[in-house]
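Enquirer: kindly return the folded structure for what I paste below:
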Amino acid sequence: MDPGATAAAQHIFRRKLLPAVARQRRAYKGFFTDRGPLAGGQRRVLKIDRQRFNECIDRLARAIFFYTFKRKWSLSIRIVTPNLFVGSSVLVGIALPHEPTMKAVETSRQYLSGAPVKGENPELFRYRIRYDENEEGYAFAAQFYGCFEVFSFSSRDDPGSGQADIAVVNQSDCPGLAPVAAQLSSSQVMN
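Expert: Here you go, the predicted structure:
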């Protein structure tokens, strides 16, 4: 992730996130594992703990729903991201998008296109939400550091989903992830 050029983004990423990873390697090492270079070193492959990732985004989506509507969301929430790929495609040296995920992402983008962008510090985190009380449906999209996107949706008519768990990071788009991956990789060697 590229923390961007703003002083706030640089401060949070470099003075908070990276030192936290360095201090508590055991706490963060299970979240993702560096699987090495791809595309001649221009990209890195990171294996994500998908269950932990989903739990974090689920909590975030529920917290924002509660903050906005002053009530709890009780239905299950599905989470997708265009930034994760199917592991088998990456193992053969290419990053193929997970087709059902990409369809869900496109549908979510269209559904949320009219919703205002929110977030007190949009350089670090911005989001959109939409709630349809009649359909009992909730959609949430977030973008972190202008780079990593997640979409979640929930309704009484839960569509189900497949899951991808490999992130392919374009180093030029998200150079800030390289130091995090390096910290986590070295923490595994130390154990």
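
Enquirer: could I get the buried residue list for the longest helix along the chain?
Expert: Counting residues, the longest helix found in the chain (DSSP state H) is helix 50-69. Neighbour-count burial for helix 50-69 flags 53-54, 57-58, 60-62, 64-65 (criterion: 16 or more other CB atoms under 10 Å). (C-beta placed from N, C-alpha, C; glycine too.)

Enquirer: contacts for it?
Expert: Here helix 50-69 makes contact (CB atoms under 8 Å, 6 or more residues apart in numbering) with 30-31, 71-73, 77, 79, 84, 127, 129, 131, 138, 140, 142, 150, 152, 154, 163-165.

Enquirer: packing partners of the next helix or strand after it?
Expert: Going down the chain from helix 50-69, the next helix or strand is strand 78-80, by DSSP states H and E. The contact analysis (3 or more CB pairs under 8 Å, 6 or more residues apart in numbering; DSSP states H and E) places strand 78-80 against helix 50-69, helix 99-112, strand 148-155.

Enquirer: after strand 78-80, which helix or strand is next?
Expert: strand 84-85.

Enquirer: what mean pLDDT does that next one have?
Expert: The average of the pLDDT scores along strand 84-85 is 76.

Enquirer: helices or strands up against that strand?
Expert: Packing contacts for strand 84-85, counted by 3+ CB pairs under 8 Å, 6+ apart, involve strand 166-170.

Enquirer: let me know the average pLDDT across the strand it packs on.
Expert: Mean predicted confidence for strand 166-170 is 48.

Enquirer: if we can go back for a sec, mind putting the helices and strands packed on strand 78-80 in CSV, mean pLDDT included?
Expert: Converted to CSV, the helices and strands packed on strand 78-80 look like this (pLDDT from 0 to 100):
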stretch, mean pLDDT
helix 50-69, 92
helix 99-112, 86
strand 148-155, 89
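
Enquirer: tabulate the ones you listed (JSON lines), appending distance to Arg26.
Expert: Converted to JSON lines, the helices and strands packed on strand 78-80 look like this (distance: least, CB to CB, whole Å):
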{"stretch": "helix 50-69", "distance to Arg26": "14"}
{"stretch": "helix 99-112", "distance to Arg26": "30"}
{"stretch": "strand 148-155", "distance to Arg26": "23"}
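
Enquirer: among those, which is nearest Ala20?
Expert: Ranking the helices and strands packed on strand 78-80 by proximity to Ala20 (CB to CB) places helix 50-69 first, at 14.6 Å.

Enquirer: report the inter-axis angle for the closest one versus strand 148-155.
Expert: Here helix 50-69 points in a direction 70 degrees away from that of strand 148-155 (axes from the mean of the first three to the mean of the last three CA atoms, to 10 degrees).
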